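Peer 1: Next one to model:
(chains A and B)
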Amino acid sequence: MKAPNKARGRAAGKERVLRDGPGLTGPELADRLEATWSRPKDLFGWLGTVDHKEIGRRYIITALVFLALGGLLALHMRLQLMFPDNDMMGPGLFNETFTMHGTTMMFLFAVPVMQGVQIYLTPIMIGTRAMAFPRLTAFSFYMYLFGGLFLWTAHFLRFGPDNGWFSYVPLAGPEYGIGKRADVWAQTVTFTEVAALAVAVTLVATILKQRAPGMTLARMPIFVWATLVTSLMVIFSMPAVALVSSLLLSDRLVGTQFFNPAEHGDPLLWQHLFWFFGHPEVYIIFLPATGFVSEIVSTFSRRSLFGYPIVVLSLISTGILAFGLWVHHMFATGLPRVGYSFYTAASMAVSIPTGLQIFCWIATIWDGRPRLQVPMLYVVAFIVTFVIGGLSGVMIAAVPLDLQLHDTYFIVAHFHYVLIGGSVFPLLGAITYWYPKFTGRLMSERLGKISFWTIFLGFQLAFFPMHIAGLMGMPRRVYTYPAGMGLEIPNLLSSIGSGVVAVAVLLFVVNMVMSFAGGRRAGPDPWDAPSLEWATDSPPPWYNFAHIPVVDSRTPLWDARGKFPVVHGLRVDDRELLLTSVISAAPDVREPSAVPSVWPFVAAVAVAITFISSVFSPWGLVFGAVPAGIALIAWFWPKTPGPAPEPQIT
Amino acid sequence: MIGPPKFARDLSELPDHAFSHRSLTWWGVIGFMVIEGTAFALAVAAYFFLMSQEQHWAPPPIRPPGLIAGSLFTLVLLLSEIPNTMVKRAADAMDVEGVRRLLPWMVAIGAPLLVLRGFEFNSLNVLWYSNAYGSIIWALLLMHTTHIGTDWVDTAVLWLLVRTPHGESPRRLVDTDENALYWRFVWLTWIPIYLLIYWVPRLFR
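Peer 2: As a prediction, this is how the structure comes out:
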């Protein structure tokens, strides 16, 4: 984070500093920048990479692996529920399976995959060469990876969590949550919170300080706005779950009484703190997806986004309102009347900004010249599915109905409509859209359309019947149900639908793999898109841009006629970033950027040992802090013999 | 890159370091302050939530925490802002020697603070496992102790670093400046926690 630069020392003896500009451009500049910004090809270089594209790619691939694992758990559950009175799974294994499914999908897939895409795209969308704190970004990935491995190792060793993804006390507390299952859940959450918070701080700093000259806040791509808002939401919401999971661990490990009513603690304290995080979490997953949609809609309608200020204000107001809704998850716990009214009103109000965004997308499509290619198909599927999920959300914002439907399959249907329809569909569209940027090749349009229709129809088949099952009174989280209650047909349809979704996801992955090997080669801008990431090569070089671009509109690529305006004068022999002012993005400072280092990896290993050992003994935290501290100091400490002043141009 | 570049402006004259909100370090420090501040605010919310479960706070027969160690700690912590401001000003003025001279004072202050903190734990008059009141009091004090401890190590490392030739790099002065900013956050967060641990249990008894 505060790393010095090896190259500074190297440059000290030279007479003049190499800078990009009219005298140094083209292939020679590319070679020199490549030498400065690439990493060693050995194992240490691989572990120590600070390149946002590499880290973003690792995030995305890891998250997709966890998506597959979470999906397998879902298939297992649907097989169990396919027929009444099925005894393929017992209740204990079923509990563990739905807990692992929810925890994996929320903490190891949904948030990390969005942050992975944000890490990859943000610097190239705003025209900079690296993230603000590249080593912190690398550290965050390893924390996330180790957290996921920890959870799944526990699952394979048969002590995976089994209290549901929100791990309510007293079930997860010391009185009932015997063994280490609930501790594993709590510490997995800690891993992912550390990772998500580190990424959020990095993204905020990158967006506010590293935008290309001229990219004022009012010219930022909508996806970058969505990233800024969600990162701020992460910063304000995730401390809640970090705090509450620590309180749970301390109740379980050292006998504190936070949630024990016998000693005047309160289980509802858990629910308040958890949902203060948990509700914004939904929007942390959803808002980046709306950012994808805005970018895709604009490109494929060949028109700048209709109502840009409205969309930005919608993102911001959703981000704020999301913090005023958490109690609607607790309607069934009993609240004061005024509490019911307030949280019902707030829950309904949050649909207004999202509705405005949807109208802006429709207006953009209406007024543009839409091309119905695969990314755009996912947008249409998103709008349809999300509107259904949003409306069932408004239904259960009403307390009387919520009390009736609480903890039934209606809720399961609702949040899968919102999360898969609102987030996974746009994500699949986004992967298809940016795949040429990630790999240099386009995905197959034909296979893409087949997998699109399979997943869209399979999804409706899997999840729509759950509304019916819920209205008929089927509670969620039951491992089986008796025959003769009318639940057979909806459950059978859901199970068949989940199989169709699995086939569709497989087709999507096959398309990714086949296109990676033999897809049509994409130039820098295969979609004729307007934003900066399409100005550089596909995939982008280590340094992203040979010269830092200048922006004077919201659609710079559409407005650049012939020559592309750039600034110059950054060091070429050293990793240097251009910092600009927060609002108007005026050039301000040149700051060095960290070189690759293996210490973030070592620090993550040390912190992981600390966290995992603390599941078994509180002393793990005390003794683990020492190696973690040493690794962090080594990370910070400059590795060159001494500082070198910047050489002067002679 | 699509299209040939049109060179608009030469930026080689821009400075290669800056203080405060012009530097990335400042934004990183502010980001982590907001995260920690949110965690403290939520812990305070949990304090009042648990307080609402009790008729009396501190619940009898538990006596409120003894005042001496905590108040002495508060006094030393507030006084530490004097050398802290001096360090910050020296860093802002690019006075390397001043920073090298003053930082050891900030390191030295950490020791009595941690000793006093030990006495504070001893004067709470309740154990963390006794009841929810004890749990939240201990949690607040422990959270802030982590704060003091980590910043103490941080400052010590920075002091060792500025004693080397690396200390002459303007970047290390920016680090010193931000470290001093963080120390302000450490004592600012302490004030409400001090009131919650030591005074609210007296007022609502």
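Peer 1: in the stretch 501-650 of chain A, what spans have low per-residue confidence?
Peer 2: Applying pLDDT under 70 to the stretch 501-650 of chain A flags the ranges A:641-650.
Peer 1: quick one, strands of it?
Peer 2: Listed in chain order, the strands of the stretch 501-650 of chain A (DSSP state E, counting those that start in this stretch) span A:548-549, A:564-568, A:576-580, A:587-592.
Peer 1: And the contacts of the shortest one?
Peer 2: Right, strand A:548-549. Contact with strand A:548-549 is made by A:127-129, A:212-213, A:532, A:535, A:556, A:564-568, A:570, A:578, as judged by C-beta atoms under 8 Å, 6 or more residues apart in numbering or on different chains. Yep, even glycine has a C-beta here, placed from its N, CA and C like the rest.
Peer 1: Assign B:Val29 to helix, strand or coil.
Peer 2: Secondary structure, DSSP: H, G, I helix; E, B strand; the rest coil: B:Val29 is helix.
Peer 1: How about the contacts made by residue 88?
Peer 2: All of this is about chain A. Counting by C-beta under 8 Å, 6+ apart, A:Met88 has contacts A:Leu79, A:Gln80.
Peer 1: try chain B instead
Peer 2: So B:Lys88 contacts B:Thr176, B:Asp177, B:Ala180, B:Leu181 (C-beta under 8 Å, 6+ apart).
Peer 1: Swap in 10 Å and give it another go.
Peer 2: B:Phe19, B:Glu81, B:Val99, B:Leu102, B:Thr176, B:Asp177, B:Glu178, B:Asn179, B:Ala180, B:Leu181, B:Trp183, B:Arg184 (C-beta atoms under 10 Å, 6 or more residues apart in numbering or on different chains).
Peer 1: Also within reach of chain A: list those from the residues you listed.
Peer 2: Subset of these in contact with chain A: B:Glu178, counting by C-beta under 10 Å from any C-beta of the partner chain.
Peer 1: Show me which of the contacts of B:Lys88 are buried.
Peer 2: If you count burial by 16 or more other C-beta atoms under 10 Å in any protein chain shown, the buried members of the contacts of B:Lys88 come out as B:Phe19, B:Val99, B:Leu102, B:Thr176, B:Asp177, B:Glu178, B:Asn179, B:Ala180, B:Leu181, B:Trp183.
Peer 1: Those residues: which two are farthest apart?
Peer 2: B:Phe19 and B:Leu102 (16.9 Å; C-beta to C-beta).
Peer 1: which of the contacts of strand A:548-549 tops the neighbour count?
Peer 2: Among these, A:Gly127 has the most neighbours (other C-beta atoms under 10 Å in any protein chain shown), with 30 neighbours.
Peer 1: What is the neighbour count of B:Pro60?
Peer 2: So B:Pro60, with other C-beta under 10 Å, has 10 neighbours.
Peer 1: what does the one 4 residues further on give?
Peer 2: Residue neighbour count, defined by other C-beta under 10 Å, stands at 20 for B:Pro64.
Peer 1: surely B:Ser170 meets B:Met94?
Peer 2: Wrong residue type there; residue B:170 is Pro, not Ser. Yes - using C-beta atoms under 10 Å, B:Pro170 is in contact with B:Met94, at 6.8 Å.
Peer 1: Check the contact lists of the two and give me the overlap.
Peer 2: B:His17, B:Phe19.
Peer 1: more crowded one of those two?
Peer 2: Ranked by neighbour count (other C-beta under 10 Å), B:Pro170 and B:Met94 place B:Pro170 first, with 18 against 13.
Peer 1: Roughly how far does the more buried one sit from chain A?
Peer 2: B:Pro170 sits 9 Å away from chain A, going by C-beta to the nearest C-beta, to the nearest Å.
Peer 1: Roughly how far does that residue sit from B:Gly28?
Peer 2: To B:Gly28, B:Pro170 is 17 Å away according to C-beta to C-beta, to the nearest Å.
Peer 1: for the chain, which spans come out with low pLDDT?
Peer 2: Since you didn't name a chain, this refers to chain A. For chain A, the stretches with pLDDT under 70 are A:1-16, A:641-650.
Peer 1: actually it's chain B I care about, not the one you picked
Peer 2: B:1-2.
Peer 1: do that again at 90, thanks
Peer 2: Where chain B drops to pLDDT under 90, the residues are B:1-5, B:204-205.
Peer 1: List the residues that contact A:Thr128.
Peer 2: A:52, A:122, A:206-207, A:209-212, A:215, A:532, A:544-545, A:548-549, A:577-580, A:593.
Peer 1: Recalculate using a threshold of 6 Å.
Peer 2: A:Gln210 (C-beta atoms under 6 Å, 6 or more residues apart in numbering or on different chains).
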